[in-house]
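>>> Here's a sequence, model it:
(2 chains)
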Amino acid sequence: MQLPGVKPYGIWSHFFNMASVVGLTGIELFKLFKQRRTYFALAAIFLMEIVVFVIAYDQGTYILDAVLESLKDSFYLKGDLLNGNLLTFFLLNSLWFHLPLLLMIIVSGMFTLEYQEGTIRTVFLQPIAKWKFLAAKYAAAIIFTVMVVFILATSAFLLSYGLFGRGDLVVYIDSLNFFESDVAFRRLLFAFLSGTLTMIFYACLCLTIAVFLKESLKTWIVATLFLILTNLSSQLDFDIWGWDVWFFPKLITTWREFFNYTIPWGRIAYSQLILIIFTTVVIFLGMLKFQKNDIG
Amino acid sequence: MIIEATGITKKYGDTLVLDGIDISCAAGEICGVLGANGAGKSTLFKIITGLVAPTSGTVKIRATPPKPIGGIIEKPSLYPYLNAEENLKVFAKMQGLPTDRDFIEGKLIQVGLSLEKKYIVSKYSMGMKQRLGIAIALLNNPKSLILDEPFSGLDPLGIISLRGLIFKLAYEERIAIIISSHIMEQLLSLCHKLYVLKNGKLVNSGEVGELMQQHILQYEITAEHIEESEILRSYEVHFVDHRAIVSISKEDVPDLLSKLLREGYAVTGCKALWNMESLF
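Purely as a prediction, here's the structure:
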């Protein structure tokens, strides 16, 4: 029997909350951009982009010469083939390992640093709902990821077009495919959009791993291991029903489908939907674990 | 009572960390929790503040939501890359409070800080961090406050200053305050009630005055050349520099002091020495 004016205090009290998830997301982003390590990571991504361009330019000339030697007599190709479109394609190919690695370090820090600094206790000594706090972290991680991919794509197009100009794109996916410059640009844009979903999955997964492990180093090790295994196993093919559809490593290469001669929209939409389902499950698991655990 | 915790027990696996603790604190009262490191003070505070669920027992805070209790557990944990103003704004915004300059400045002034200091919190002294931690704890006007080892890492001036702030919060703002420490002198000079924890068990509790009667074994009397006193020869006594450690009951202290004055000794200090063995 409760006395008048006596409120139960404990887990349920966290539901007496006042800030919205949107407000909390704003706070998370404010904190993120107040940390120097965020800018180090962005600088690292930009540096990586330049290095990839230099390597792509160096090796691209050699590869193109070898591949197209016999075709140049039969086809009319507009502009230099080692152009901005091809270099952006090379960048897309090589970034899907390095980019998640840096994203995962930044995103996991959003959670593990709260434990490391003890600020998680200060936060939950305020009237804040646990689920809202973590939902805001996931939202901030997703916004940050989208922003990073947007910056990456914009700078990739600006740098590659500025330095190497535009031209037709030739890529080898099962067979040699040629795309006119405008078509190539659109396909590259779609590829970046598809890649963004993959990056969001990695970011959310890393945050969930951080919720389970609480420590930076352990989270980085597990997340990196997952990334390596994913990249290695993306080439595995088994004749099992649903393998290509449900096996996560197969989903991260969806962006390449945009460089088939005919874009398989149905297959792409299906695999992106499954990726969204995986991301939702990962977020749900993180929320469930966090809700159940003591802050400590 | 504002804070009332009854039968608090906490187990981690097979390890019993707290065993049926009862603790309460009224408005305007300062209660101390004394215990060695590892006695279970922080776990008790985490349970009272709702950070950790007890294995059994209940915690009642007689205050209205949204924030019945504020506190600092273990250390003042702040965002080290933000300055004081930004830290306060972040925690204020989290709970839907205003973040304008006047509001933030008012909260900083309440704990003796100012908006002038723009440098990041990682460069703050421990005393300033404690004050900022208290300012955050006081957001949303809680009726009770938990301070876990608030004096640790402070210099003597910092301790005096923080004590003043704690007195002010209890007496002027009628906040129920529970403080922990492993140093008894710090608690005796502040608290009305004392709870003594040992290995997760409450081994002693009561009004400070009552506990003094039960557990004071000796008094330390300071005066120039007190070791030459004739009066003290009739007591069980030993001397350290100009201090006499006398085994005597509380009731006999005034009589002894007046005898010493008559003997011509200008007594400059008289301090109760607790019997730690019986207290713990």
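>>> Give me the contact list for stretch B:203-220.
Identification of contacts with stretch B:203-220 by CB atoms under 8 Å, 6 or more residues apart in numbering or on different chains yields B:22-23, B:32, B:188, B:191-197, B:243-248, B:250, B:253, B:269-275, B:278-280. C-beta coordinates here come from the backbone N, C-alpha and C atoms, glycine included.
>>> what bridges to B:I146?
Applying DSSP bridges to B:I146 yields these beta-bridge partners: B:G71, B:I178.
>>> For burial, what's the neighbour tally of it?
26 (other CB atoms under 10 Å in any protein chain shown).
>>> thought it was touching B:I48?
Yes - counting by CB atoms under 8 Å, B:I48 is a contact partner of B:I146 at 6.0 Å.
>>> Quickly list what's touching both of those two.
Common contacts of B:I146 and B:I48 (CB under 8 Å, 6+ apart): B:I69, B:I178.
>>> Which pLDDT does the model give the nearest residue to A:E28 once chain neighbours are set aside?
In space, and not counting its chain neighbours, A:E28 is closest to A:A140: 3.5 Å by CB to CB, 6 or more residues apart in numbering or on different chains. For A:A140, the model assigns a pLDDT of 97.
>>> For A:A140, pull up the helix or strand it's in.
Assigning secondary structure by DSSP states H and E places A:A140 in helix A:130-164.
>>> ranges for the strands of chain A?
Taking DSSP state E as the criterion, chain A contains strands spanning A:7-8, A:169-173, A:175-179.
>>> before we move on, what about the stretch 151-280 of chain B?
B:176-181, B:193-198, B:201-207, B:216-222, B:236-240, B:243-247, B:269-274 (DSSP state E, counting those that start in this stretch).
>>> As a markdown table, those with mean neighbour count would be great.
Listed next are the strands of the stretch 151-280 of chain B as a markdown table, based on neighbours: other CB atoms under 10 Å in any protein chain shown:
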| stretch | mean neighbour count |
| --- | --- |
| strand B:176-181 | 26 |
| strand B:193-198 | 22 |
| strand B:201-207 | 16 |
| strand B:216-222 | 19 |
| strand B:236-240 | 13 |
| strand B:243-247 | 18 |
| strand B:269-274 | 14 |
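>>> Can you add mean pLDDT and give those strands back as JSON lines?
Formatted as JSON lines, the entries for the strands of the stretch 151-280 of chain B read as follows, by pLDDT from 0 to 100:
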{"stretch": "strand B:176-181", "mean pLDDT": "94"}
{"stretch": "strand B:193-198", "mean pLDDT": "93"}
{"stretch": "strand B:201-207", "mean pLDDT": "92"}
{"stretch": "strand B:216-222", "mean pLDDT": "88"}
{"stretch": "strand B:236-240", "mean pLDDT": "91"}
{"stretch": "strand B:243-247", "mean pLDDT": "92"}
{"stretch": "strand B:269-274", "mean pLDDT": "87"}
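>>> Distance to B:T9 added to those, as JSON lines?
Formatted as JSON lines, the entries for the strands of the stretch 151-280 of chain B read as follows, by distance: least, CB to CB, whole Å:
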{"stretch": "strand B:176-181", "distance to B:T9": "18"}
{"stretch": "strand B:193-198", "distance to B:T9": "13"}
{"stretch": "strand B:201-207", "distance to B:T9": "10"}
{"stretch": "strand B:216-222", "distance to B:T9": "32"}
{"stretch": "strand B:236-240", "distance to B:T9": "42"}
{"stretch": "strand B:243-247", "distance to B:T9": "39"}
{"stretch": "strand B:269-274", "distance to B:T9": "28"}
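>>> So which residue is dead centre in chain B?
For chain B, the residue nearest the mean C-alpha position is B:I179 (3.4 Å; CA atoms, centre = their mean).
>>> Just list the residues touching the closest residue in space to that one that isn't next to it in sequence, thanks.
On the basis of CB to CB, 6+ apart, the spatially nearest residue to B:I179 that is not a chain neighbour turns out to be B:L147, at 4.8 Å. In this structure, B:L147 makes contact with B:G71, B:I72, B:I134, B:I166, B:I177, B:I178, B:I179, B:S180, judged by CB under 8 Å, 6+ apart.
>>> got the contact list for the residue lying farthest from the centre of chain B?
Within chain B, B:E230 marks the point farthest from the mean C-alpha position, 39.9 Å out by CA atoms, centre = their mean. B:E230 makes contact with B:E263, according to CB under 8 Å, 6+ apart.
>>> mind listing what the residue nearest to the centre of chain B touches?
With CB under 8 Å, 6+ apart, B:I179 has these contacts: B:I30, B:C31, B:G32, B:V33, B:L147, B:P150, B:I166, B:L187, B:L190, B:C191.
>>> Which of those residues sits closest to B:V121?
B:P150 (16.9 Å; CB to CB).
>>> sec struct for that closest one, please.
Three-state assignment for B:P150 (DSSP: H, G, I helix; E, B strand; the rest coil): coil.
>>> Just confirm it contacts B:I73, I think it does.
No - at 10.9 Å, B:P150 and B:I73 do not qualify as touching, with contact defined as CB under 8 Å.
>>> Tell me how many other residues surround residue 232.
Picking chain A for this. Neighbour count for A:L232, taken as other CB under 10 Å: 10.
>>> sorry, should have said chain B
Counted with other CB under 10 Å, residues neighbouring B:L232 total 21.
>>> need the contact list for it.
B:L232 makes contacts with B:I226, B:A244, B:V246, B:L260, as judged by CB under 8 Å, 6+ apart.
>>> hang on, the earlier thing: wait, isn't the residue nearest to A:E28 in contact with A:T25?
Yes - applying CB under 8 Å, one finds A:A140 in contact with A:T25, separated by 5.2 Å.
>>> Flag every residue of the stretch 51-200 of chain A that's near chain B.
A:E117, A:G118, A:T119, A:I120, A:R121, A:T122, A:V123, A:F124, A:L125, A:Q126, A:P127, A:I128 (CB under 8 Å from any CB of the partner chain).
>>> Among those, which lie within helices?
Secondary structure of those is defined by DSSP state H; positions in helices are A:E117, A:T119, A:I120, A:R121, A:T122, A:V123, A:F124.
>>> Distance of the fourth one relative to B:S42?
Read it as A:R121. Spatial separation of A:R121 from B:S42 under the definition CB to CB, to the nearest Å is 10 Å.
>>> Could you work out which of the strands of the stretch 151-280 of chain B reaches nearest to A:I151?
Shortest separation from A:I151 across the strands of the stretch 151-280 of chain B is recorded for strand B:176-181, at 48.1 Å, computed as CB to CB.
>>> May I have that closest one exported as CSV, CA atoms only?
Coordinates of the C-alpha atoms in strand B:176-181 are reproduced here as CSV (Å, rounded to 0.1, in the frame of the first residue of the first chain):
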residue,chain,number,x,y,z
ALA,B,176,17.4,15.4,2.5
ILE,B,177,21.1,14.5,1.9
ILE,B,178,22.8,11.2,2.3
ILE,B,179,26.6,11.3,2.2
SER,B,180,29.1,8.5,2.2
SER,B,181,32.7,8.5,3.3
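>>> Helix, strand or coil: sort out B:D22 for me.
When the structure is reduced to helix, strand and coil (three-state DSSP), B:D22 reads as strand.
>>> so who does it touch?
Contacts of B:D22 were listed using CB under 8 Å, 6+ apart, and they are B:A5, B:T6, B:G7, B:I8, B:L202, B:S205.
>>> Just the helices from the stretch 1-150 of chain A, written as ranges.
Counting by DSSP state H, counting those that start in this stretch, the stretch 1-150 of chain A has these helices, from start to end: A:21-33, A:36-68, A:84-117, A:119-124, A:130-164.
>>> Enumerate the positions of the third one that are buried.
By neighbour count, and taking 16 or more other CB atoms under 10 Å in any protein chain shown as the criterion, the buried residues in helix A:84-117 are A:84-92, A:94-96, A:98-115, A:117.
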